[in-house]
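Trainee: Show me the folded form of this:
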Amino acid sequence: MFFMALFCIFSSLDSMNNQRHAFFLDEDMHYLNNAYKALMLRSNETVLQEAFETEKYPMKRTVNDFFGNIDLAHQLFGRLVNCPASQVALIPSTSYAFANALNNVSCKPGQHALTIEAEFPSDYFALNAWCEKNQAELRTIQSGEQSEKNWNERIIEAIDSQTAVVVMSAIHWMHGFVFDLEAIGRACKEVGAVFMVDGTQSVGARPMDVTTNHIDVLVCAGYKWLLGPYSLGCAYYSEQFDNGRPIENSWMNRKNARGFSDLTDYSHEYVEGAGRYNVGETSNFLLLPILINGLKQVLDWRVEEIMDYTSNLVAPFRGCFEAMGIPMVDEKYFAPHLFGLKVPHVNNVQALADDLKAENVIVSVRGTSLRVSVNVFNTAEDLEALIQVIERTS
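Mentor: Numbers count the residues shown, from 1 in each chain. Below you'll find the model as predicted:
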């Protein structure tokens, strides 16, 4: 098995240069856990120092300091998911963004909501709360034993004229199963169902187009594939939400907000587009520059190149894992940047993860699997280290 793994290493051809040097990462650390939290970009050190220097002297702040970075973040995320900057909002969490969206989805008697099996808790709880409020049934579409390849079909078949809203992740956050967003979004559009997608584990690692995929709301935490900070992310709200009611009433989201001397004129008009859904105190002078830096870096590297890098890195190892008796998702539904490994004959997967950590191989445990997630800072040696420890301890 060792020689097979070595073959995997030398068979891997990268479509872009490895970017390990761009991140804070110890030389002997094999960090296979970007889906837990992205590594910090080294360039953020300068960004944060500059932000802190400005923070020390508030008397130097101008109106543009409050709104300039907000506008820039909207523009950058819009470029990433193919939407106008005016339809982007800055959010503190996915739960906040979904609460804003669901607050503006109506429900007729007899309608229901759909989600997927083992959806991320924040997404599930937001949708469950909407169902309880509207006395609507929450239907969960199961993956099915040994039939994950038909999961997309079962989701589409479940969408009918009584479906009010569908909330789901772009890929499954536990094992990376890829959902057919375009087909699911089209099915929603045909019956008038609102399609809401959690792109946290996908945007920045795989191309995303809200128009092609018929997405009405796209929510994305910033601290994973956007290479941003914890507690700040981005969301897209389609034009159908332009006249909605946000869950908070920030002064910054009103049309006269940039005229500080006129704030008590109390404009009841919101800024155009999705700006009404920006979290209060949106400027976030220390965190927002880090989010912007991450978005810029992802756009500079290009998402297509990032996906090619992870694909070329992981592809040769699929055979290695299968030879070890670890089942792999069909390549059509496989996300190379995030995938689960169900190691045979391992009763305590957390103990295996602890053994890996002791050897500086960092992964997550999700359900009964090891969740492995790679980015452009990873190399074949990281996956080789993973395989060696699994072979030795399982």
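Trainee: ok, then the element right after the helix ranked longest in the chain?
Mentor: Criterion DSSP state H: the longest helix present in the chain is helix 303-323. Downstream of helix 303-323, the next assigned helix or strand under DSSP states H and E is strand 338-341.
Trainee: other SSEs contacting the helix or strand following that following strand?
Mentor: Per DSSP H and E, strand 338-341 leads on to helix 349-358 as the next helix or strand towards the C-terminus. If you count contacts as 3 or more CB pairs under 8 Å, 6 or more residues apart in numbering; DSSP states H and E, helix 349-358 packs onto strand 364-366, strand 369-373, helix 380-393. In this view, the C-beta of every residue, glycine as well, is placed from N, C-alpha and C.
Trainee: So what's the residue count around D262?
Mentor: 11 (other CB atoms under 10 Å).
Trainee: ah, wrong one, I meant T264
Mentor: That count, for T264 with other CB under 10 Å as the rule, works out to 7.
Trainee: helix, strand or coil for it?
Mentor: helix (DSSP: H, G, I helix; E, B strand; the rest coil).
Trainee: do A164 as well
Mentor: Under three-state DSSP, A164 comes out as strand.
Trainee: One more: N104?
Mentor: coil.
Trainee: give me every residue that touches the closest residue to it other than its chain neighbours.
Mentor: In space, and not counting its chain neighbours, N104 is closest to G244: 3.5 Å by CB to CB, 6 or more residues apart in numbering. Going by CB atoms under 8 Å, 6 or more residues apart in numbering, G244 touches N100, N103, N104, Y237, R276, Y277.
Trainee: cutoff 10 Å now
Mentor: Taking CB atoms under 10 Å, 6 or more residues apart in numbering, we find G244 in contact with N100, A101, N103, N104, V105, Y237, Y270, A274, R276, Y277.
Trainee: what do you get for F120?
Mentor: With CB under 10 Å, 6+ apart, F120 has these contacts: 94-95, 126, 167-169, 172-174, 198, 200-201, 221.
Trainee: now those residues in CSV, with neighbour count, distance to Q350 and secondary structure?
Mentor: Below are the contacts of F120 laid out as CSV (neighbours: other CB atoms under 10 Å; distance: CB to CB, whole Å; DSSP: H, G, I helix; E, B strand; the rest coil):
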residue, neighbour count, distance to Q350, secondary structure
T94, 22, 25, helix
S95, 18, 26, helix
A126, 26, 28, helix
V167, 28, 29, strand
M168, 22, 27, strand
S169, 25, 23, strand
H172, 27, 20, coil
W173, 22, 18, coil
M174, 23, 15, coil
D198, 26, 25, strand
T200, 26, 23, coil
Q201, 27, 21, coil
A221, 28, 24, strand
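Trainee: Quick check: nearest residue in space to A274, chain neighbours excluded?
Mentor: Y237 (3.9 Å).
Trainee: So in terms of bridging, what pairs with that neighbour?
Mentor: V217 (DSSP bridges).
Trainee: R206 reaches G199, doesn't it?
Mentor: Yes: assessed by CB atoms under 10 Å, R206 is found in contact with G199 at 9.0 Å.
Trainee: on that earlier part again, could you confirm the residue nearest to N104 falls within a strand?
Mentor: No: going by three-state DSSP, the assignment for G244 is coil, not a strand.
Trainee: was I right about G233 contacting F98?
Mentor: No: look at G233 against F98 with CB under 10 Å: they stay out of range, at 11.8 Å.
Trainee: intersection of neighbour lists for those two?
Mentor: In contact with both G233 and F98: I91, V219, using CB under 10 Å, 6+ apart.
Trainee: rewinding a little: of the contacts of F120, which is the nearest to M40?
Mentor: For these, the minimum distance to M40 (CB to CB) is 15.6 Å, reached by A221.
Trainee: how about the nearest residue to W151 once chain neighbours are set aside, what does it touch?
Mentor: Spatially, and ignoring its direct neighbours in sequence, W151 is nearest to S143 (5.1 Å; CB to CB, 6+ apart). Listed by CB under 10 Å, 6+ apart, the contact partners of S143 are I116, E117, A118, K149, N150, W151, R154, H172, H175, F177.
Trainee: Also I306?
Mentor: So I306 contacts S15, M16, Q19, G204, A205, R206, P207, W225, V298, H337, N375, V376 (CB under 10 Å, 6+ apart).
Trainee: Skipping adjacent residues, who's closest to the spatially most central residue of the chain in space?
Mentor: Centroid-nearest residue in the chain: T200, 1.0 Å away (criterion: CA atoms, centre = their mean). If the residues on either side of it in the chain are set aside, T200 comes closest to A221, at 4.4 Å by CB to CB, 6+ apart.
Trainee: Wait, the one you found touches L227, no?
Mentor: No: using CB under 10 Å, A221 makes no contact with L227, being 11.7 Å away.
Trainee: What are the boundaries of the helices in the stretch 151-300 of the chain?
Mentor: 151-158, 181-191, 288-301 (DSSP state H, counting those that start in this stretch).
Trainee: er, the stretch 1-150 of the chain actually
Mentor: Listed in chain order, the helices of the stretch 1-150 of the chain (DSSP H, counting those that start in this stretch) span 2-11, 43-55, 63-81, 94-102, 121-134.
Trainee: I'd like to know which of the ones you listed is closest to I362.
Mentor: So among the helices of the stretch 1-150 of the chain, helix 2-11 is nearest, using CB to CB, at 18.7 Å.
Trainee: So for stretch 179-196, mean pLDDT?
Mentor: Averaged across stretch 179-196, the pLDDT comes to 98.
Trainee: next one: stretch 85-105
Mentor: 98.
Trainee: May I have it exported as PDB, CA atoms only?
Mentor: Extracted as PDB, the C-alpha positions of stretch 85-105 are listed here (Å, rounded to 0.1, in the frame of the first residue of the first chain):
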ATOM      1  CA  ALA A  85     -23.200  44.200  -6.000                       C
ATOM      2  CA  SER A  86     -26.600  45.800  -5.100                       C
ATOM      3  CA  GLN A  87     -28.000  42.300  -4.300                       C
ATOM      4  CA  VAL A  88     -25.300  41.400  -1.800                       C
ATOM      5  CA  ALA A  89     -25.500  41.800   2.000                       C
ATOM      6  CA  LEU A  90     -22.900  41.300   4.700                       C
ATOM      7  CA  ILE A  91     -23.900  38.900   7.400                       C
ATOM      8  CA  PRO A  92     -22.600  37.700  10.700                       C
ATOM      9  CA  SER A  93     -23.700  34.100  10.200                       C
ATOM     10  CA  THR A  94     -25.700  31.800   8.000                       C
ATOM     11  CA  SER A  95     -28.500  31.600  10.600                       C
ATOM     12  CA  TYR A  96     -28.800  35.400  10.400                       C
ATOM     13  CA  ALA A  97     -29.000  35.400   6.700                       C
ATOM     14  CA  PHE A  98     -31.600  32.600   6.500                       C
ATOM     15  CA  ALA A  99     -33.700  34.300   9.200                       C
ATOM     16  CA  ASN A 100     -33.800  37.500   7.000                       C
ATOM     17  CA  ALA A 101     -34.700  35.500   4.000                       C
ATOM     18  CA  LEU A 102     -37.400  33.300   5.600                       C
ATOM     19  CA  ASN A 103     -38.900  36.300   7.300                       C
ATOM     20  CA  ASN A 104     -40.000  37.300   3.800                       C
ATOM     21  CA  VAL A 105     -41.400  34.000   2.500                       C
END
